[in-house]
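Student: fold the following.
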Amino acid sequence: MDDVGAGGESDPQVGSNTLNYIPKWDGSALVTGTIYDNNGKIGIGTSSPGAPLEIYRATTASSLDPHIILSGGSVDQARIIRADAHTGYVEINGGKDPFGGATIFIFGYAFSDANRAGDMQFRLGKTGAQYEFYNKAASSQLVTIQDNGNVGIGTTGPKSKLAVAGLPSSPPVGDTSGTRGIVCITNDGNMWVDDDGTYDCL
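Tutor: Numbers count the residues shown, from 1 in each chain. Modelled structure (predicted):
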C-alpha cells in the first residue's frame with residue numbers, strides 16, 4: 001500500500017544516460033536525448049552551445065534543410081535556413097518550398113561569392129508580387145516597388161519607373177538656409193532643383 005492507492009507502483013526504468021543531456025523516454029526506459037543543457041545554454045545537435053540556444057546541423061545535411069520551421073498545420077510555413085553549402089548566409093523564407101515564398105537573404109562577410117559578401121537581398125516569391133513599405137499607424141502604403149522595377153511613392157500602382165502621388169501644387173518657399181541639391185516635382189509636371197537653398201524642398 002502506498003499513498004496513491006492500493007497496489008504497488010512501478011517506477012520507470014532508467015537506461016544509459018550521458019551527463020548534461022536531457023533524457024527522453026524510448027518506450028521502455030529513460031535514455032540519452034539529443035538536447036544538451038550546459039548550465040543554462042541549450043544545444044540542439046551540439047554539446048558546446050555558445051548562446052542561450054544554439055542549433056547545429058552537420059555540413060553533410062542538405063543545404064536547404066531548415067534549422068527552424070514555424071508551422072500552422074497545413075498552411076505555409078516560415079523557414080529559417082543557415083545554408084552550410086554556401087558558408088556565410090542566412091535565409092528566412094515564408095513558405096514550405098525553399099524557393100516558393102518571399103525570401104530575405106543575409107550574406108555574411110565570408111560568403112563564397114565575394115560580390116555578395118556582406119549584402120542583404122530581398123526576393124519576391126511569384127510574378128506580380130511587390131515590395132511594400134507600409135505605415136500601420138496611418139493604414140497607408142508609403143512606397144511600392146513592383147516586380148517589373150516600377151517604383152511608386154504615395155501610389156500603389158506605378159505605371160512608370162517612378163510615379164509620385166500627392167505632390168504640392170507649387171514649389172515650397174523657404175529661405176536661404178534651406179537644404180541645397182534637393183529636387184522638387186510638382187503635380188503639374190514641373191521639376192525644381194534647389195541648388196542654392198532658396199526653396200525648402202524638405
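
Student: once you drop chain neighbours, what's closest to D26?
Tutor: Nearest residue to D26 in three dimensions, chain neighbours excluded: G15, at 7.3 Å (Cβ to Cβ, 6 or more residues apart in numbering). Bear in mind the C-beta positions are built from the backbone N, C-alpha and C, glycine included.

Student: from memory the one you found sits against V31, does it?
Tutor: Yes. When contacts are counted by Cβ atoms under 8 Å, G15 is listed as touching V31 (4.4 Å).

Student: more neighbours: the two, which one.
Tutor: Each of G15 and V31 had its neighbours counted (other Cβ atoms under 10 Å), and the higher figure belongs to V31 (17 against 13).

Student: what does the model give that one for pLDDT?
Tutor: Reported pLDDT at V31 in the predicted model: 89.

Student: look up the residues forming beta bridges with it.
Tutor: Beta-bridge pairing of V31 under DSSP bridges involves K24.

Student: now do the contacts for the residue nearest to D26.
Tutor: Taking Cβ atoms under 8 Å, 6 or more residues apart in numbering as the criterion, G15 is in contact with 26, 28-31.

Student: from those residues, which is closest to T127?
Tutor: D26 (48.8 Å; Cβ to Cβ).

Student: roughly how far does that closest one sit from N190?
Tutor: As defined by Cβ to Cβ, to the nearest Å, D26 lies at a distance of 77 Å from N190.

Student: which ones are touching Y56?
Tutor: 43-46.

Student: mind redoing it with 7 Å?
Tutor: Contact criterion Cβ atoms under 7 Å, 6 or more residues apart in numbering gives 45-46 as the residues in contact with Y56.

Student: and what of G45?
Tutor: G45 makes contact with 55-57, according to Cβ under 7 Å, 6+ apart.

Student: so how far is L162 from it?
Tutor: Here the criterion is Cβ to Cβ. By it, G45 lies 48 Å from L162.

Student: related to what we said a few turns ago, in strands, which of the contacts of G45 appear?
Tutor: Among the contacts of G45, the members found in strands (DSSP state E) are I55.

Student: of the contacts of G45, closest to I68?
Tutor: Comparing the contacts of G45 against I68 with Cβ to Cβ picks out I55 as the nearest, at 6.9 Å.

Student: measure the closest one to T18 for me?
Tutor: Distance, I55 to T18, by Cβ to Cβ: 19 Å.
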